[in-house]
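1. pasted the sequence and its predicted model underneath.
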Amino acid sequence: MESKYDFGLVGLGVMGRNFILNVADNGFTAFGNDLDEAKVKALIEEGGDVNKVSASTDAKEFVEALSTPRKIMLLVPAGKIVDAVIENLLPMLDKGDIIIDGGNSFFTDTDRREIYLKEKGINFFGSGVSGGAKGARRGPSIMPGGSKEAYQHIKPIFEAVSAKYEGEPCVTYLGPKSAGNYVKMVHNGIEYGLMQLTSEIYDLLKKAGGLSNEELHQTYSEWNKGRLQSFLVQITSEIFDQKDDLTDGDLVDAILDKAKQKGTGKWTSQNAMDLGIPVPTIDIAVSMREISALKDERIEADKLYDRPTPKAIDKAQLIATSEQALYFAFILTYAQGMAQLSDASKEYAYELDLADIAKIWRACCIIRAKLLADITKAYRDEPALKNLLLSKAFVPKVQSTVDAARSLVAFGAINGIPLPGLSNALNYFDAYTSQRLPLNLIQAQRDYFGSHTYERLDREGKFHTEWEAS
């Protein structure tokens, strides 16, 4: 084979095929590899010109087709398959070659693989890719982490294929080791939170406001024209407008209320707990998917308990209040995710730039939103900002919407409409903005039964009391 291809990709499923075609459309030649001959043929046929994009089922032919240093991206399921592909390629690679894992691998797996491959002279990157199949084809948000020096070989390709926001590519070097996979993990945790919130508001509008699917479509469409403009609000409006081709009804009403998950939200929540970082809106979003899976138990429990009939509310009033509350909760969810990134960056020595992260999320990722432009500016203005709630630019945004969240949480509790995401966002806000919390009592309890000691407000040091039992 005379000509060498600029970029290689293993895994020609929908995401992989779309990504490699995106590369070929943006001035780079690309060569794919997959064990499935049908997928290889489909790519070659869709690519149209084998001088720009081609593929093979043979790993040796694939590796030899690439220019050096070879830039090989893996878009295969996370876990053991990633390790298997690496081991298969390794004997054919040269020192200085680059492997990029574009899947949702757990960040500690990326750290392990980077150390292993570095010993063999191979550069390894964990790069989160967000935007789904359409984003992979038209331009995703890309989150790479690994060797900064090696990134220079990948940078021109990634910047060309990524989404653009006001002309800026939605990709940047994030940091060493597993920084890219970690950022993508938290991105997905935020995604869980935002999805939970949009579903809760839908439930409230339907049960208390009596909104039809057409009215819900119109409401979310209007919200998407304002400060709630985001990918998730946009697709939510479109979902309510989708007819069911199997019945005469609307598709949303025919879908079983059991939500699946692939684990990235759970990873975000678990790691936050490991680090001692509160992300309650993300935590409850994971828990609600788990509760939703208990469909049979929920049906049985519903028959055992009397539940209140939701009180009807004026539609216009409820829609206005819901818009404010959802905006409030969106801010709180981003605040929690960004705070986790800030603390994790110190713990894992990622040296993350939170403004850069918010910037590359502004277009074509699942959590893209108008709000991210404000978040980018907040961290640009204050790089050491500990929490978005401490940004003076966000104080009026939160202050003007928190009362709407309070009223809806209270209404939901009285009327038996679960709003756990909104409630957790509000509780996080009230706890974070409280100068004094009742945890002094917990410290007293811990010292009482376990001699764990406590600190005092009026003097330095640790203290223990011999408590007198009554």
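-> Looks like it arrived, so ask away.
2. low pLDDT regions in the stretch 301-450 of the chain?
-> Judged by pLDDT under 70, the stretch 301-450 of the chain has no weakly predicted residues.
3. where do the helices sit along it?
-> 315-348, 354-360, 371-381, 395-399, 402-415, 420-432, 439-450 (DSSP state H, counting those that start in this stretch).
4. right, and the ones you listed - which one's nearest residue 172?
-> helix 354-360 (4.9 Å; C-beta to C-beta). For every residue, glycine as well, the C-beta is placed using N, CA and C.
5. tell me what that closest one is packed against?
-> Packed against helix 354-360 by the contact rule (3 or more C-beta pairs under 8 Å, 6 or more residues apart in numbering; DSSP states H and E) you find strand 141-145, helix 315-348, helix 371-381.
6. I'd like these as CSV, with mean neighbour count and distance to residue 100 appended.
-> Listed next are those as CSV, based on neighbours: other C-beta atoms under 10 Å; distance: least, C-beta to C-beta, whole Å:
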stretch, mean neighbour count, distance to residue 100
strand 141-145, 29, 7
helix 315-348, 22, 20
helix 371-381, 18, 25
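7. distance to residue 225 added to these, as a markdown table?
-> A markdown table is the format used below for the helices and strands packed on helix 354-360 (distance: least, C-beta to C-beta, whole Å):
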| stretch | distance to residue 225 |
| --- | --- |
| strand 141-145 | 22 |
| helix 315-348 | 11 |
| helix 371-381 | 14 |
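8. for residue 237, which of the helices of the stretch 301-450 of the chain is the nearest?
-> That would be helix 315-348 among the helices of the stretch 301-450 of the chain, by C-beta to C-beta, at 13.0 Å.
9. ok and the closest one relative to helix 402-415, angle-wise?
-> Here helix 315-348 runs at an angle of 110 degrees relative to helix 402-415 (axes from the mean of the first three to the mean of the last three C-alpha atoms, to 10 degrees).
10. shift numbering so it begins at 5
-> Done: numbering now begins at 5, and the last item shifts to helix 319-352.
11. ok now helix 319-352, how far from the chain's centre?
-> Mean C-alpha position of helix 319-352 versus that of the full chain (C-alpha atoms, centre = their mean, to the nearest Å) differs by 13 Å.
12. do the same with stretch 101-119
-> 18 Å.
13. ok, back up a step: as TSV, the helices of the stretch 305-454 of the chain with distance to residue 295 would be great.
-> Shown next, in TSV, are the helices of the stretch 305-454 of the chain (distance: least, C-beta to C-beta, whole Å):
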stretch	distance to residue 295
helix 319-352	19
helix 358-364	31
helix 375-385	28
helix 399-403	28
helix 406-419	16
helix 424-436	9
helix 443-454	27
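14. go through these and name the closest to residue 53.
-> helix 358-364 (30.6 Å).
15. now tell me what touches that closest one from outside.
-> Applying C-beta atoms under 8 Å, 6 or more residues apart in numbering, the contact partners of helix 358-364 are 145-147, 166, 169, 172-176, 178, 187, 342, 345-346, 376, 379-381, 383-384, 387, 389.
16. distance of the nearest residue to residue 35 once chain neighbours are set aside relative to residue 428?
-> For residue 35, ignoring the flanking residues on the chain, the nearest one in space by C-beta to C-beta, 6 or more residues apart in numbering is residue 9 at 4.0 Å. Noted for residue 9: a distance of 49 Å to residue 428, by C-beta to C-beta, to the nearest Å.
17. quick one, which of the two is more surrounded?
-> residue 428 (27 against 24; other C-beta atoms under 10 Å).
18. quick check: that one touching residue 287?
-> Yes: using C-beta atoms under 8 Å, residue 428 is in contact with residue 287, at 7.2 Å.
19. thinking again about what came up before, show the backbone phi and psi for the residue nearest to residue 35.
-> phi -90, psi 150 (degrees, to the nearest 10).
20. all helices in the stretch 155-304 of the chain, in order from the N-terminus.
-> Going by DSSP H, counting those that start in this stretch, the stretch 155-304 of the chain shows helices at 183-211, 217-227, 235-243, 255-258, 268-279, 284-296, 299-308.
21. looking at these, which is nearest to residue 423?
-> That would be helix 183-211 among those, by C-beta to C-beta, at 5.0 Å.
22. how far off helix 235-243 does that closest one point, in degrees?
-> Using the same axes, to 10 degrees, helix 183-211 lies at 40 degrees relative to helix 235-243.
23. give the rounded mean pLDDT of helix 183-211.
-> Mean pLDDT, computed over helix 183-211, is 97.
24. geometric centre of the chain: which residue is closest?
-> residue 192 (1.8 Å; C-alpha atoms, centre = their mean).
25. most tightly packed of the helices of the stretch 155-304 of the chain?
-> A comparison of the helices of the stretch 155-304 of the chain by mean neighbour count, using mean count of other C-beta atoms under 10 Å, puts helix 183-211 on top with a mean of 25.
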